[in-house]
Each structure stands twice: as C-alpha cells, then as structure tokens.
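[1] I'll drop the sequence and a predicted model, then ask my questions.
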Amino acid sequence: MYYIVMELIKGKTLKEIIEEEGRIPWKVAVDIAKQISSALEMAHKNGIVHRDIKPHNIIISDDFTVKVTDFGIAKAVTNATMTAFGSTIGSVHYFSPEHAKGTITDAKSDIYSIGIVMYEMVTGRVPFDADTPVSVALKQVQEKPIEPISINPDIPEGLNYIILKAMRKDKEERYNSANELLQDLEILSKHPETDFSVFNQEGIVSQMTKSIPIVKNRRREDERNNKKTLFEQKPWLKLVMLGIASIIILIIIVAATIFLLNQDRQKEAYIPNLAGAQDEKRLKKDEAIALLEKLKFKYEIVEEYSEEIPKDEVIKQDPKFQPNYMIKTGTVIKVYVSKGLEMVKVPDELDKKTVDEIKKALDDTGIKYEIIEEHSEEIEKGKLLKLEYTKNEQGEMPKKDTIKIYVSKGTAKKDVVIPKLEDLKKEEAIRKLQALNLKVTEQETYVEYKSNGIVTLSTPTAGTTVKEGTEVKIFVNKVPELIKGKIVINVAKMTGTAAPTTPPASGILSGATSTKVKVKVELDDKKIEEKEVEKTETALTIPVSSLGRSRLNVYINESLKYDDYIDLSQKTTWNIE
C-alpha cells in the first residue's frame, strides 16, 4: 500500500485575498512577489518549470508564509528549455505569449506569469481580459498592457518598471532568472525611489562601449611596422582591411541607431487616465500631479467651475486618455480641475425689499430668479409673499440656482349673496351655502310654531353680500320632547253641587232640571278637551302633554272657572277644584 503525504497549509489563496481586498498595498505585494520568486528560483535550479503560476496556486499561510502549489502541469527542463506538447495547458489570463502560441516555454515563461500576478496584486485586475479564452490568448501575444501605475498611482515607478519588464512579449527582454527578479525586488524594498530604467540603459551602454585593453607602445609600434611591411608586400590586403573596417563601422552605426531608438522608446509612456474614463476612479488634483510627475510628463493645470464634478477633482484632460496609447514623456498634458460650484453673494435683507427692488438687486448680481404669483387673503396684490432659496453661512448660493419670488395676486375669493334659508331643512340649507364656498356653522334654537330641524334664521341674513369662505351661522329648530301628565277636575266642587247620596229618580216625577254641564279645557290657549259630564263629577281625568310650564284654562258651560299655570316638569298630576 502506498501513501501520498502532503503539507496541510492553513490560510487563503492569493486570489481569495485579491477578491476580498481589491488592490494589495504595494509593499505587501512586493513581499509576496519576493517569496514567489525565491520559490521558483529553487524549482528552476532543479530543472522544473511550473507553467501555471497564478494567484489561485499561491497560498498565503496565517503567518504570511507564501507557498507555491499545484505543479500539476510542470515539466522537467532539458537543455535549459522545453518544447510544447501540442496544446496549451494552464490558465490563459496568466499565460506567457510563447505559452499562448504553443511554442517553447522555459523558466522565463514563469517570470512572465509572476509579472501578471504582481500586476493583479497592485491593480486589482488582470492586464488582459476578454469574453473567450482565445481572445485573451491573442491579447497576451499582441497587445501591450496598460501600465499599472496608470491604474494605481500609489505604486513606485520602480515597481511599475519591474512588472512591465517581467511581462515583456520578447522573453529575451525579460529577467534572465527568478533570482535576477528577486534582486530587483530586494532593492525596491529598501530603496523605493530607485529608477531601474536608468540601470537598464547604463547596462546597454556599457555593453556597447566595452573598453579595448591598452597595448604597450612597443608592441603597437612593432605591429605598425609589421602591417606596413605586409601592406607593402600585399597591396590587396589593404583593401580587405578597409572593407572589414567599413563593416565594423556599419555595425556600430546600426547598434547606435538601435540604441537611440530604444532610448526614444524608453521616453514614451502610456497616457494616464486622470478624468475617470471607462468607469475608472476620477483623480484629485494632487493625485493627478503626482502621477504625471512619476511618468515624466509636464502638465498645465486649468481650474474651472463645474456643476457636476466635486471640487479638486479632474474634469477632463488633453490629450484624452486612450487605452494602450503611448506618447512622449515630457509632453504637456493639460489637466482641467474642478473649482466646484460657482458661488455668488446674495444681496442682504432681500425679504425687506419690494418686489421691484428685489428684481433689480438680483439683476445686478447676475442671480437668476423666478416670479411665482399666488393668491393671498392677508397680503394685498403685488406685495411680496416669500422668497425661496438656500445659502451657506457666508451668505452665498450656487450661481446655477434660482431664487423663487412669490408675489401676492390678492384674494382669490369671489363675492356671493347669502340666499334665503329660513324654513328650509337644515341639510338643504348647508348644501346651498357650501355650493357658494361659504363656511357653515349651526346653533340649536326653539321656535314653538316651527317644525323640528327647520332653519329659523341665518347670520348674516339672506341677501347679504359676502366673500367666499365667509362663515354663515344657521339656527336650527330643536323641538324638545313633551312631558306627559294628567289633570283631575272636581266638577262638583267647581259648580257648587253636592255629590248625590241616592241615585236620581227617573221618569216624569223626577223633575225637568238638567244634571249635566259642558266642560272645556285649554292648555296654552289650545283646546285639548270638551265634553258634557254630570255636575256631581268629582274626578274628571283628562290627559295632557306639555314642554313643562303651561297655562291651563277650564270652562264650565263657557264660564271660566280656572285660569292658572301648571308645570308638568314638577309633577305630572294636577288636581283642579
């Protein structure tokens, strides 16, 4: 039985960290890149090329130790290079151009991938992206990346150079080894201000101008003598030597031309994105200046007011930003910086001026205004109602804003005539008043001869001319509930007739004298009962109803026998004698 023992690493992949944090601080990114370079240098010394360097295969342990993992498509190197085996393998976003083309890959291919990993760490994105892997691979082969310093101005220029050198399309222009890359990263860690491009140019010059060892005078003299003798002996040899010298001179001229062209190329840089094109961050004035100085561009700052762009942020630039477009360093880039909103001083005590005075004061200061007319029941026509605007503590307002001036149009109410409301039902009276835009209040009253719920009076009275909105009070009849009671009339006592002890005799012998009288009862001058009864009646009961205190009149044979007030609210049965 066989086992594979693997190290358990607690931590996160570099890809997870980039996705969580976005851009990694450049010093941390350099430290990670140094550890990756050290690991690859060890692999390369042992003849192993990784070929799939990407953040997904780099684990950062809890103690910040970097582990390079997944040598799944690594291959042993033979004679310092290895050949491709038919198709490309790995992650296309981190391919070297030679890997993308399916040609020979070697240790320098890993260096290219380290460059892309460093690029992603400091910018938060890969340099080449597209909808399909094939499109990404074509970009790896054909396109130049946007300089990372253009995306993240906080990184040193030296780190920008190191990343771009590691990502050169021609692998002969990259670092020769991971150790050489590591050395530059070490220098950058200690001296962030180092200009590695100068070191590179001096190296080229030194190779082109190697010194020739000094030969002793005597030896040179002997050689001259020998050459003179030789040329004299063989004249054709002189022509050959002249030809060789011409070729050497031509080589020197070509080399010098290439060097000068390279110098020109070194003096070019990508146009930085200062004004937030393509959804990038819009730089502030100080950030833009720092970036332009890093890239060796000259600049001209033009400040102007802006209604959309906050103060001190770049509005636009000239020349405009174009992806992957390079121009000469030293070019003057005109940077338009926002001064924020243009403010204007609001004249003092505007609200104490007349409308015409306000308009003149605003015209003099160039402040826009709008006249808005509104009805008012309190302010007469043409007078100022209110002003509407916002100003700061300094009494200033944005010049783009408009002051709203509200002017009275006077009352909006029309004259109306109060209609006749008396004897109308309450609901009908209210409808009529509301139709005239009049306010209605009501008060209960009692008029004896009016029905319940009937309007008895209005104030103001009918026929009065008033303004819409005027309050009209209507008096509504409220008939109280009647109190029921009874009166008991002692007719015998009122007529002076004694009550009989025996029934009266019947027939002719009884006599012709009548024993009946006519009784009429009035309550508040209204007849409520009239009937004939026996003179001897002692308890003639008549039901009555009243609001309370009422005047009672009792007539016997049309003669008024009782005239007085009764009050049913005090007692409901009254004995009348």
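    Good, I have the coordinates.

[2] residue 565 belongs to a strand, doesn't it?
    Yes: if the criterion is DSSP: H, G, I helix; E, B strand; the rest coil, then residue 565 is within a strand.

[3] can you name the residues bridging to it?
    When assigned by DSSP bridges, residue 565 has beta-bridge partners residue 551.

[4] let me know the secondary structure of the spatially most central residue of the chain.
    The residue lying closest to the centre of the chain (C-alpha atoms, centre = their mean) is residue 308, at 14.3 Å. Per three-state DSSP, the secondary structure class of residue 308 is coil.

[5] distance check, it against residue 536.
    Distance of residue 308 to residue 536, given as C-beta to C-beta, to the nearest Å: 115 Å. The way it works is simple: take the backbone N, C-alpha and C, and place the C-beta from them, glycine included.

[6] next secondary structure after the worst-scoring helix or strand of the chain on mean pLDDT?
    None of the helices or strands of the chain scores lower by mean pLDDT, DSSP states H and E than strand 75-76, at a mean of 46. Using DSSP states H and E, the next helix or strand after strand 75-76 towards the C-terminus is helix 97-100.

[7] buried ones in that following helix?
    By neighbour count with 16 or more other C-beta atoms under 10 Å, helix 97-100 contains the buried residues 97-100.

[8] just checking, what packs against the helix or strand just after that helix?
    Using DSSP H and E, the helix or strand that follows helix 97-100 in sequence is helix 107-123. Secondary-structure packing of helix 107-123 (3 or more C-beta pairs under 8 Å, 6 or more residues apart in numbering; DSSP states H and E): helix 14-21, helix 26-45, strand 48-49, helix 97-100, helix 148-151, helix 157-166, helix 178-190.

[9] now do the last one: everything it contacts.
    Where contact means C-beta atoms under 8 Å, 6 or more residues apart in numbering, the residues beyond helix 178-190 that reach it are 27, 30-31, 33-34, 37-38, 40-41, 44, 107, 110-111, 114, 156, 158-159, 162, 166, 175, 194, 196.

[10] could you do stretch 314-333 as well?
    143-146, 267-278, 282-285, 288, 292, 295-300, 304, 306, 309, 334-338.

[11] how long is that stretch end to end?
    In stretch 314-333, first residue to last residue: 12 Å (C-alpha to C-alpha, to the nearest Å).

[12] what residues sit buried inside it?
    Using 16+ other C-beta under 10 Å as the test for burial, stretch 314-333 gives 314-317, 321, 331, 333.

[13] closest one of these to residue 426?
    residue 315 (71.6 Å; C-beta to C-beta).

[14] tell me the phi and psi of the nearest residue to the closest one once chain neighbours are set aside?
    Among residues not flanking residue 315 along the chain, residue 336 sits closest, at 4.4 Å (C-beta to C-beta, 6 or more residues apart in numbering). Dihedral angles of residue 336 (phi, psi; degrees, to the nearest 10) stand at phi -90, psi 120.

[15] how close does residue 336 get to residue 35?
    For residue 336, the distance to residue 35 - C-beta to C-beta - is 43 Å.

[16] what's the neighbour count on residue 354?
    A count of nearby residues for residue 354, using other C-beta atoms under 10 Å, gives 11.

[17] typo on my end, residue 295
    Residue 295 is flanked by 21 other residues according to other C-beta under 10 Å.

[18] buried set for stretch 13-24?
    Neighbour counts over stretch 13-24 (16+ other C-beta under 10 Å) mark 13-15, 17-18, 23-24 as buried.

[19] can you tell me what sits against it?
    The contact list for stretch 13-24 (C-beta under 8 Å, 6+ apart) reads 32, 54-60, 117, 120-124, 152.

[20] try 6 Å this time
    With contact meaning C-beta atoms under 6 Å, 6 or more residues apart in numbering, stretch 13-24 is reached by 55-56, 58-59, 121, 124, 152.

[21] same question for stretch 55-63.
    In contact with stretch 55-63 (C-beta under 6 Å, 6+ apart) are residues 9-15, 18, 66-70, 117.
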